[in-house]
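In: need a structure here:
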Amino acid sequence: MKALVLVFGDVHGVGFRAYCKRLAQQLGLNGLCRNEPGSVKVFLDGAEKSVEKFVETVKNIKQSGFFGPQVENVEVFREGEKGFEPEWRSYVWFEIDFS
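Out: Residues are numbered from 1 along each chain as shown. Okay, here's the model as predicted:
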């Protein structure tokens with residue numbers, strides 16, 4: 001399953017992209033995350049249950065004990081749904097875009 005996840009809130013400069021990478025690797029997901037104005041954009045590719053677990057974990061980040069980011073809203077667009085953007089390329093692991 002492929003999904004585009006937009007995470008809004010105080011998620012810049014607080015280790016959130018590194019958190020996403022660790023979480024994605026634990027769940028066996030490939031993809032990429034990068035900062036966007038006011039959000040972090042995450043492309044995910046992997047098992048549907050793993051994508052769902054990633055989204056739920058990010059939504060509940062305060063309960064995870066990671067206190068840096070303040071997630072206010074998470075939007076998920078699955079492949080084929082309106083709002084989904086195709087990933088920039090195929091990913092064989094999970095990457096952080098530092099540009």
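In: all contacts plus neighbour counts: C-alpha atoms, from now on.
Out: Fine.
In: tell me the secondary structure at the spatially most central residue of the chain.
Out: Most central in the chain under C-alpha atoms, centre = their mean is residue 42, positioned 3.7 Å from the mean C-alpha point. Using DSSP: H, G, I helix; E, B strand; the rest coil, the secondary structure recorded for residue 42 is strand.
In: what residues are up against it?
Out: Under the criterion of C-alpha atoms under 8 Å, 6 or more residues apart in numbering, the contact list for residue 42 reads 4-7, 31-34.
In: for those, work out which two are farthest apart.
Out: Farthest-apart pair in the contacts of residue 42 is 7 and 31; separation 14.9 Å (C-alpha to C-alpha).
In: hang on, residue 71 in a helix?
Out: No - assessed by three-state DSSP, residue 71 does not belong to a helix; its assignment is strand.
In: where in the chain is pLDDT low?
Out: By pLDDT under 70, the low-scoring segments of the chain are 63-67.
In: which stretches of it form helices?
Out: 16-26, 48-59 (DSSP state H).
In: end-to-end on stretch 21-40?
Out: 12 Å (C-alpha to C-alpha, to the nearest Å).
In: buried residues of it, list them for me.
Out: Counting neighbours by 16 or more other C-alpha atoms under 10 Å, one finds that the buried residues in stretch 21-40 are 21, 23-24, 27, 29-35, 39-40.
In: what's next to that stretch, contact-wise?
Out: 6-12, 17, 20, 41-47, 50-51, 53-54, 90-99.
In: now which of these would you call buried?
Out: Looking at the contacts of stretch 21-40 with 16+ other C-alpha under 10 Å, the buried ones turn out to be 6-8, 10-12, 17, 20, 41-46, 50-51, 54, 94-95.
In: residue 46: what's it in contact with?
Out: Contacts of residue 46 by C-alpha under 8 Å, 6+ apart are 1-2, 28-30.
In: in JSON lines: the buried residues of stretch 21-40, plus distance to residue 80.
Out: Below are the buried residues of stretch 21-40 laid out as JSON lines (distance: C-alpha to C-alpha, whole Å):
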{"residue": "21", "distance to residue 80": "24"}
{"residue": "23", "distance to residue 80": "24"}
{"residue": "24", "distance to residue 80": "22"}
{"residue": "27", "distance to residue 80": "23"}
{"residue": "29", "distance to residue 80": "19"}
{"residue": "30", "distance to residue 80": "18"}
{"residue": "31", "distance to residue 80": "17"}
{"residue": "32", "distance to residue 80": "19"}
{"residue": "33", "distance to residue 80": "20"}
{"residue": "34", "distance to residue 80": "22"}
{"residue": "35", "distance to residue 80": "24"}
{"residue": "39", "distance to residue 80": "22"}
{"residue": "40", "distance to residue 80": "21"}
